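Got a predicted structure here, sequence first:
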Amino acid sequence: MTARLRQDAIVRSLRRNGTSTIADLAAEVGASRRTILRDISALRDEGFVIHSEPGRGGGLQLDPQSVQTMARLSVAEVFALLISVASMRAAGNLPFSGLADAGLAKIEKALPPDKLRDLRRFLGCLYIGQLSPLVDISNMGEMDPALLPAFETAFLHRRHLRILYRDAKGTVSDRNVEPQAMLILPPLWYLVAWDPARQDFRHFRMDRISRPEVDEGTTFQRRHVPFENHVRPVRDLSR
């Protein structure tokens with residue numbers, strides 16, 4: 001269980017039970033006493049008011065009026081919001097765009113500096129363009145929810161990514177690639193990667209990718225991707 005999931009479980013438990021001990025929380029989430037104490041400290045830093053009553057019969061209590069002082073969103077979650085808005089804008093279908101942009105700006109400001117830095121690096125890999133009318137989208141499928149978290153690690157830390165890819169003919173191959181960019185050509189989304197086995201760039205439709213796995217042991221250098229003229233970085237859309 002990740003720290004985020006564990007802390008969410010602690011908050012739910014305190015809200016549900018009213019009072020709980022460190023030992024009870026540790027047993028519930030499968031963590032050590034020291035880990036629970038670190039989680040409690042992290043939750044307090046985020047704005048949760050958690051009272052500690054010492055002695056027999058005491059324990060931890062969450063103030064029912066407790067609120068968070070910052071958005072508890074991961075880089076991938078904020079990125080998902082941003083690219084959803086950007087893709088709708090690129091498709092010319094973004095109602096209430098002013099309110100959407102203002103809301104996203106507030107979310108960005110609530111992020112800690114390190115998360116904001118990661119988010120901006122992540123956004124630097126995102127490009128948007130127009131899909132050719134000749135492209136067949138009749139067989140478009142669903143994207144694997146595991147893609148975005150895997151992309152976050154692979155792009156931010158320049159890690160190789162192993163994927164299973166099904167081509168237009170239905171043939172599935174195992175690829176080990178260097179992720180360089182994400183390209184949105186509404187309604188299709190692509191992973192643009194350097195394929196060392198073929199010594200060239202490849203565009204992988206995200207709805208045809210499955211089982212993404214980050215290779216933690218290897219890194220690579222960023223490459224300049226030769227996009228067509230109609231493709232623009234997502235950062236340029238507001239200019």
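All right, it came through fine.

so what strands line up beside the helix or strand hosting residue 177?
Under the criterion of DSSP states H and E, residue 177 resides in strand 172-185. Partners of strand 172-185 in the sheet, by DSSP bridges, are strand 126-128 (parallel), strand 159-166 (antiparallel), strand 188-195 (antiparallel).

who wins for proximity to residue 34 among those strands?
Among those, strand 159-166 comes nearest to residue 34, with 29.7 Å by C-beta to C-beta. Backbone N, C-alpha and C define where each C-beta goes, glycine included.

if I read this right, residue 222 contacts residue 192, doesn't it?
No - when contacts are counted by C-beta atoms under 8 Å, residue 222 is not listed as touching residue 192 (11.8 Å).

What mean pLDDT does stretch 204-222 get?
Throughout stretch 204-222, pLDDT has a mean value of 93.

end to end, how far does that stretch reach?
18 Å (C-alpha to C-alpha, to the nearest Å).

Touching that stretch from outside, list them.
Stretch 204-222 is touched from outside by 140-144, 146-147, 150-151, 153-154, 157-167, 175-178, 180, 188-194, with contacts defined as C-beta atoms under 8 Å, 6 or more residues apart in numbering.

Write the ChimeraX selection for whichever of those are buried.
Buried residues within the contacts of stretch 204-222, by 16 or more other C-beta atoms under 10 Å, are selected in ChimeraX with:
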select :144,147,150,151,153,154,159,160,161,163,165,166,175,177,178,180,189,190,191,192,193,194
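
so residue 85, which of the three states?
Secondary structure for residue 85, judged by DSSP: H, G, I helix; E, B strand; the rest coil, is helix.

Now do the contacts for it.
94, 97, 100-101, 104.

Export those residues as JSON lines, with columns for neighbour count and secondary structure.
As requested, the contacts of residue 85 are exported to JSON lines (neighbours: other C-beta atoms under 10 Å; DSSP: H, G, I helix; E, B strand; the rest coil):
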{"residue": "94", "neighbour count": "16", "secondary structure": "coil"}
{"residue": "97", "neighbour count": "12", "secondary structure": "helix"}
{"residue": "100", "neighbour count": "17", "secondary structure": "helix"}
{"residue": "101", "neighbour count": "15", "secondary structure": "helix"}
{"residue": "104", "neighbour count": "16", "secondary structure": "helix"}
